[in-house]
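Visitor: Pasting the sequence and the predicted model now:
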Amino acid sequence: MNRSAGMDMQDQWGTIMLDALEKQAERYFALRSEGRAGALANIHVLRRESVSDFEAVVYNPVVCLILRGSKETGVGTQSVILRRGDALLVSHDLPVTSKITEASPAAPYLALILSLDLGIVRSLYEQVGDAVTDEPEARSLCASIAGGEWTEPLARYLAMMDRPIDAQVLGPAVLREIHFRLLLSPLGGMLRNLLSVDSHASRIAKAIARIRQEFRAPLAVADLARLAGMSQSSFHEHFKSVTGTTPLQYLKDLRLIEAHSLLRDGRRSVSSTSFEVGYESPTHFSRDYSRKFGCAPRQHLMQVS
């Protein structure tokens, strides 16, 4: 069989798999919306009938498979456009901006989202640790065409929506298989870096966890560097290499995303919000907020009221 014929068969198989996953995701979304299906661990379906403005959110480790429509997602200076058949893997907690760019009532945006369990990833170390090497160029936000090696077990897992006993007994093994397949896939470079608890990626993850827990409090880069077991210069370099942004910008993004959520709640003033998320100056807060969201915080507060 020649190469072009092989590629045609691969493309055809990929289309069949995507069509099957699209139908499964639509059905799971409908059943969950009607309360007629139990939740599958780690699985979420996002369905939107209209495009969106840019939204700032914090992604936990996750893989997102686009089944219909398109979306633009970015962190720092890195930005990717995702369309049907594309997948995005996020290996660390990241403050990202995202925007659904193609969606309509006739053809809603549809994405299948699997929350990653880094405990499962690291539990594979004894089996695969010697077979993989660190990838210095890997990033915590990686996009690629979805591969059949991990979408096939994902389809098997989603098919358990009607079989709660199967999901309970067999689900954990299939989830482990999905993580294993992702780990060895083109998307899994940073996951492979996370296998070792002493890797730079794992040390940065430890610092990120501290920032997320204490983002409202004053945080010194020197303290975070010590937590990661690095010099300040090395910590700054590896943090930016992993996350695409600096430690201080990461902290600022967390504070502003939280402030955005608080203001949309409509029960706090701009000044009280600024202090609550860790700013010492409401003026400084308003300037940073306007730069990130394109309008003053007072305007978002007025939209709520």
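Guide: Okay, I see it. Numbers count the residues shown, from 1 in each chain.

Visitor: Wait, residue 147 touches residue 185, no?
Guide: Yes - in this structure, residue 147 is within contact of residue 185 by C-beta atoms under 8 Å, at 5.3 Å. Just so you know, the C-beta spots here come from the backbone N, C-alpha and C atoms, and that holds for glycine as well.

Visitor: Which one of those two is surrounded by more residues?
Guide: residue 185 (22 against 17; other C-beta atoms under 10 Å).

Visitor: got a list of what the more buried one touches?
Guide: If you count contacts by C-beta atoms under 8 Å, 6 or more residues apart in numbering, residue 185 has them with 144, 147, 149, 150.

Visitor: How about residue 116?
Guide: Taking C-beta under 8 Å, 6+ apart, one finds 42, 60, 61, 62, 63, 89, 90, 91, 179, 182, 191 in contact with residue 116.

Visitor: okay if I get the residues you listed as a markdown table plus neighbour count, secondary structure and distance to residue 254?
Guide: A markdown table is the format used below for the contacts of residue 116 (neighbours: other C-beta atoms under 10 Å; DSSP: H, G, I helix; E, B strand; the rest coil; distance: C-beta to C-beta, whole Å):
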| residue | neighbour count | secondary structure | distance to residue 254 |
| --- | --- | --- | --- |
| 42 | 18 | coil | 23 |
| 60 | 12 | coil | 13 |
| 61 | 21 | coil | 16 |
| 62 | 17 | strand | 17 |
| 63 | 26 | strand | 22 |
| 89 | 26 | strand | 21 |
| 90 | 23 | strand | 15 |
| 91 | 30 | coil | 17 |
| 179 | 25 | helix | 26 |
| 182 | 24 | helix | 26 |
| 191 | 28 | helix | 23 |
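
Visitor: Redo the residues you listed as JSON lines? Include pLDDT and distance to residue 107.
Guide: Below are the contacts of residue 116 laid out as JSON lines (pLDDT from 0 to 100; distance: C-beta to C-beta, whole Å):
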{"residue": "42", "pLDDT": "94", "distance to residue 107": "27"}
{"residue": "60", "pLDDT": "94", "distance to residue 107": "28"}
{"residue": "61", "pLDDT": "95", "distance to residue 107": "29"}
{"residue": "62", "pLDDT": "96", "distance to residue 107": "24"}
{"residue": "63", "pLDDT": "97", "distance to residue 107": "23"}
{"residue": "89", "pLDDT": "96", "distance to residue 107": "25"}
{"residue": "90", "pLDDT": "95", "distance to residue 107": "26"}
{"residue": "91", "pLDDT": "94", "distance to residue 107": "31"}
{"residue": "179", "pLDDT": "96", "distance to residue 107": "31"}
{"residue": "182", "pLDDT": "95", "distance to residue 107": "28"}
{"residue": "191", "pLDDT": "92", "distance to residue 107": "32"}
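
Visitor: Which single one of those is nearest to residue 272?
Guide: Nearest to residue 272 among the contacts of residue 116: residue 60, at 27.6 Å, using C-beta to C-beta.

Visitor: Pull up the gap between the nearest residue to the closest one once chain neighbours are set aside and residue 209, please.
Guide: Nearest non-adjacent residue to residue 60, counting by C-beta to C-beta, 6 or more residues apart in numbering: residue 93, 5.6 Å away. Distance from residue 93 to residue 209, counting by C-beta to C-beta, to the nearest Å: 8 Å.

Visitor: if you count what's nearby, which of those two comes out ahead?
Guide: A count of neighbours by other C-beta under 10 Å puts residue 93 above the other of residue 93 and residue 209, at 19 against 13.

Visitor: For the residue nearest to residue 42 when sequence neighbours are not counted, list the residues it contacts.
Guide: Closest residue in space to residue 42, ignoring its immediate chain neighbours: residue 115 at 4.4 Å, by C-beta to C-beta, 6+ apart. Neighbouring residues of residue 115 by C-beta under 8 Å, 6+ apart: 42, 43, 44, 60, 61, 62.
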